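Trainee: no sequence for this one, just the structure:
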């Protein structure tokens, strides 16, 4: 058999965009789509068109990696939008396996931030050539020169090669749709950016004549054709026909591809044939998994498996067994919960699902509590009812000693809060490794902290810095066990009977702690209704009403003034609960509860009875 050498295609560019949350990545892709003429003149297009999930639009973040295609002259540019949050690193790793170059997008005022660092590190390790795009140059506080120096420092810090350090720079205002290579030369469109992508980044290399090799980097679903495998053809060509599916575990089976799709803008289009270098979606193989290879029928050659960072945070998901189970949700049984979690695991490689010793409970491990919270929120919107436990860390034994995951925590705060933040993290076994004064009144601090020290840290941090602090954490390896970390020091106020919360009862209880519910909310025995000011639990009757008599008071009745309650959302609840508590999640409500609902069955030593 004659060996042919891979050749580079000049008519395609496959690029991934790397950016921190809210640096304008999705807005820039909008601009590229509009200026490439993909949309008709009268076509209505939503803003931030790449953020297709409701959750992405609400939170202003990218959760799933998605692709789009634009044309510039004779060149087809495949753009892959990567998540910026480290918790969605599984998406990032797979995305980078599909592309030949990256565009680093940085805010002209904030500079490179931790999530940028996380994805860029992965790209440089994969030897992908970068171009740098400094966005939001119209900001009044833009400091382009200083940000460019910070980017060079970041590249050097991440051990970039000489070639990678010699990156070209383009300056953009994504909202206005303009780009320029020189700040003194004004521009009217994004053409300089298109030119730079085509000139500075290489086309995909592949052997079109060789045996077919395609790796599934992502999964999608279509109601008409079923499961779709999205990925890039490394070698050969792909069309409708028979191939061999090579699984990650080494097994092989014959399969038939029924359709091949490419992209035109954001629309999927059918292709008669696709060649090495093309990013495509295949239909017809229902049980394909992420990382599996579609190979030549006669000469199957599997591609190397994808390497994904290990999950570090575990939670137990179980079927809802509260007294009100089944009232608000459509799917409440453990069988439905198991099916949904297994489906999530198939399309999200950084997630693991395992059975526990209880038939209706499953241990789910992921990259962080934020990633798991997004999974829970998605399930809740689909009509599932479930209960989740407090997050715990995944440990491992290395050379006979117990190790735990450690995070690099980067905090940006006003100078006045340095002492507060340092004290907060010292209690959680955090060590400061770096302090940088950016020239303004703000300071950037870097800490090395055990992952479990950050569970429940975000809400305390925002409260203590009065909402002015910015924090970002990313996985930084394993370290020996740091010892015990003090958790929540306050106990819970627990409802002792079913009923409806009354203003009278809340008024008399609010001096004892923070109330989580408002008057008129229904409660059941064992439901957590507030945080007690002492370190024990307090059983309370929150549905108590004022006793009425026929004796008129000599003075006037006291006014009932209720302090606004603290609304506990899903993420707040996950951070707050203790070992003996759960978060009950339904499509309409998020409630906190004790694992053991009946007061008489709970241990007495941590209980205090209140009226």
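Mentor: Yep, it's here. Model, not experiment: these values are computed from the prediction.
Trainee: where does pLDDT dip in the stretch 151-300 of the chain?
Mentor: The stretch 151-300 of the chain contains residues with pLDDT under 70 at 221-223, 266.
Trainee: let's see 80
Mentor: Applying pLDDT under 80 to the stretch 151-300 of the chain flags residues 157, 186, 206, 217-227, 248-250, 263-268, 286-287, 289-291.
Trainee: could you pull out the helices for it?
Mentor: 162-165, 191-200 (DSSP state H, counting those that start in this stretch).
Trainee: can you tell which of these is closest to residue 475?
Mentor: helix 162-165 (22.5 Å; C-beta to C-beta). Every residue, glycine included, has its C-beta placed from N, CA and C.
Trainee: what is the closest one packed up against?
Mentor: Using 3 or more C-beta pairs under 8 Å, 6 or more residues apart in numbering; DSSP states H and E, the elements in contact with helix 162-165 are helix 144-157.
Trainee: which neighbouring elements make contact with the helix it packs on?
Mentor: For helix 144-157, the packing partners by 3+ C-beta pairs under 8 Å, 6+ apart come out as strand 101-107, helix 114-125, strand 130-135, helix 162-165.
Trainee: now that helix: buried residues?
Mentor: Of all the residues in helix 144-157, those buried under the rule 16 or more other C-beta atoms under 10 Å are 144, 147-148, 150-151, 154-155.
Trainee: what of stretch 525-543?
Mentor: Applying 16+ other C-beta under 10 Å to stretch 525-543 flags 525-532, 537-543 as buried.
Trainee: repeat that for stretch 585-593.
Mentor: 585-586, 590-593.
Trainee: I'd like the average pLDDT over it.
Mentor: What stretch 585-593 shows for mean pLDDT is 90.
Trainee: name the residues that touch it?
Mentor: Identification of contacts with stretch 585-593 by C-beta atoms under 8 Å, 6 or more residues apart in numbering yields 320, 322, 327-330, 376, 379-381, 383-388, 492, 516, 526-528, 568-570, 573, 576-577, 581-584.
Trainee: what do you get for stretch 529-549?
Mentor: So stretch 529-549 is contacted by 489-502, 504-506, 508-509, 512-517, 523, 566, 576, 599, 602, 606-611 (C-beta under 8 Å, 6+ apart).
Trainee: buried among those residues? Need that as a selection in ChimeraX.
Mentor: Applying 16+ other C-beta under 10 Å to those leaves a buried subset, and the ChimeraX line that selects it is:
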select :490,491,492,493,494,495,496,499,501,502,504,505,506,508,509,512,513,515,516,517,523,576,599,602,610
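Trainee: and the angle for the lengthiest strand in the chain with helix 114-125?
Mentor: In the chain, taking DSSP state E as the definition, the longest strand is strand 401-414. Inter-element angle recorded for strand 401-414 and helix 114-125: 120 degrees (by axes from the mean of the first three to the mean of the last three C-alpha atoms, to 10 degrees).
Trainee: quick check: buried residues in the helix or strand just after strand 401-414?
Mentor: Where DSSP states H and E defines the elements, the next helix or strand beyond strand 401-414 is helix 418-426. Within helix 418-426, the residues scored as buried using 16+ other C-beta under 10 Å are 421, 424-425.
Trainee: closest to residue 106 out of the residues you listed?
Mentor: residue 421 (24.7 Å).
Trainee: mind listing what that closest one touches?
Mentor: Applying C-beta under 8 Å, 6+ apart, the residues contacting residue 421 are 411, 413, 445, 461, 464-465, 469.
Trainee: please enumerate the strands of the stretch 151-300 of the chain.
Mentor: 169-173, 178-180, 205-206, 213-222, 226-235, 237-238, 241-246, 252-257, 259-264, 267-270, 274-275, 279-283, 293-295 (DSSP state E, counting those that start in this stretch).
Trainee: columns distance to residue 356 and mean neighbour count on top of those, output as CSV?
Mentor: Listed next are these as CSV, based on distance: least, C-beta to C-beta, whole Å; neighbours: other C-beta atoms under 10 Å:
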stretch, distance to residue 356, mean neighbour count
strand 169-173, 50, 22
strand 178-180, 53, 22
strand 205-206, 45, 19
strand 213-222, 26, 20
strand 226-235, 28, 22
strand 237-238, 42, 19
strand 241-246, 32, 18
strand 252-257, 32, 14
strand 259-264, 40, 19
strand 267-270, 40, 12
strand 274-275, 44, 20
strand 279-283, 36, 24
strand 293-295, 33, 25
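Trainee: buried sites along stretch 110-130?
Mentor: 110-124, 128-130.
Trainee: my bad, stretch 446-459
Mentor: For stretch 446-459, by 16+ other C-beta under 10 Å, it's 447-458.
Trainee: farthest-separated two in the residues you listed?
Mentor: Comparing all pairs in those by C-beta to C-beta, the longest separation belongs to 448 and 456, at 18.5 Å.
Trainee: hey, what's residue 280 bridged with?
Mentor: residue 231 (DSSP bridges).
Trainee: err, residue 252, not the other one
Mentor: With DSSP bridges as the rule, residue 252 is bridged to residue 246.
Trainee: OK, contacts around it?
Mentor: Taking C-beta under 8 Å, 6+ apart, we find residue 252 in contact with 244-246, 300, 302.
Trainee: between those, which is closest to residue 139?
Mentor: Closest to residue 139, out of all of the contacts of residue 252 and judged by C-beta to C-beta, is residue 302, at 48.3 Å.
Trainee: surely the closest one and residue 295 touch.
Mentor: Yes: the pair residue 302 / residue 295 is scored as a contact, 6.2 Å apart, by C-beta atoms under 8 Å.
Trainee: residues that sit against both of the two, list them.
Mentor: With C-beta under 8 Å, 6+ apart, residue 302 and residue 295 have common neighbours residue 246.
Trainee: average model confidence for the host helix or strand of residue 317?
Mentor: Applying DSSP H and E as the criterion places residue 317 in strand 313-319. Summarised as a single mean, pLDDT over strand 313-319 is 90.
Trainee: sweet, I'm off.
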